[in-house]
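# Task: produce atomic coordinates for the following.
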Amino acid sequence: MSEIRPQLEPRQALQDRVSSVILDAAARVLAAEGEPASMSDVAVAAGVARATVYRYFPTRQALLDRLLEIATADARARLSAARVDAVRPEEALRRAVGALLDVGDYFVVLARERPGADSHEFTSGIGGPLRRVVEQAQATGGVRRDIPSSWLVEFLVRLVTTAVAASPTMGRDDMVDLVVSLFFDGARQRPARRQPRRST
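Numbering: from 1, shown residues only. Have a look, this model is predicted:
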């Protein structure tokens, strides 16, 4: 048994590396092309044969399911590490945006394919923290209260996915600033309109 193990471990490590290369390539391709992206496109992006992709992921759905699993776990872990519930709303939003941007192409795929993800995992680990940040901002008056928090969370998610998919040349911190400013400029509390006086 001890003689076999040294041979098995390098083989497993190689399989893990190939799987990771395929998944990273799939995330890039699906983030850029969406539904039209094929397994052949993934193979080309990964630099492997199409048969190799199918050996690791027998169907496109199997590949997509694995991408969603990784993306959900990564986004959830990053949001938890960001401790968005422990700071003021604007800083919480910055941390949340930074965490999701760091998930990268995987998050773009997850945002587009949410019906296929584990709904409980997504709601509790990603949607929940984002909603709490938005509702805290609404409670402090920094964000409009006449818009449902679910709409504002969707707006935020779309801003992040657009930022990732656009692959801009600006750095991460500048991108966080841009997304946060766009969110607040579009959602900031407006002063109440004065009603015109009626002439007597």
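# ok, the nearest residue to residue 121 once chain neighbours are set aside to residue 124 distance?
For residue 121, ignoring the flanking residues on the chain, the nearest one in space by C-beta to C-beta, 6 or more residues apart in numbering is residue 72 at 5.0 Å. Backbone N, C-alpha and C define where each C-beta goes, glycine included. Note on residue 72: its distance to residue 124, by C-beta to C-beta, to the nearest Å, is 10 Å.
# Please work out which residues outside the helix or strand hosting the residue nearest to residue 121 touch it.
Secondary structure assignment for residue 72, by DSSP states H and E: helix 60-82. With C-beta atoms under 8 Å, 6 or more residues apart in numbering as the test, helix 60-82 has contacts from 22-23, 26-27, 30, 38-39, 42, 53, 57, 95-96, 98-100, 102-103, 106-107, 109-110, 113, 116-118, 121-122, 125-126, 129-130.
# Quick one: buried ones out of the residues you listed?
Buried members of the contacts of helix 60-82, scored by 16 or more other C-beta atoms under 10 Å, are 22-23, 26-27, 30, 39, 42, 53, 57, 95-96, 98-100, 102-103, 106-107, 109-110, 113, 117, 121-122, 125-126, 129-130.
# Counting only helices, which of the contacts of helix 60-82 make the cut?
Among the contacts of helix 60-82, DSSP state H puts 22-23, 26-27, 30, 39, 42, 53, 95-96, 98-100, 102-103, 106-107, 109-110, 121-122, 129-130 in helices.
# rewinding a little: roughly how far apart are the residue nearest to residue 121 and residue 126?
For residue 72, the distance to residue 126 - C-beta to C-beta - is 7 Å.
# try residue 135
Counting by C-beta to C-beta - residue 135 and residue 126 are separated by 15 Å.
# repeat for residue 93
Distance from residue 93 to residue 126, by C-beta to C-beta: 14 Å.
# Go through the helices and strands of this protein and name the one with the lowest mean pLDDT.
helix 119-122 (a mean of 70; mean pLDDT, DSSP states H and E).
# I appreciate the help and will end here.
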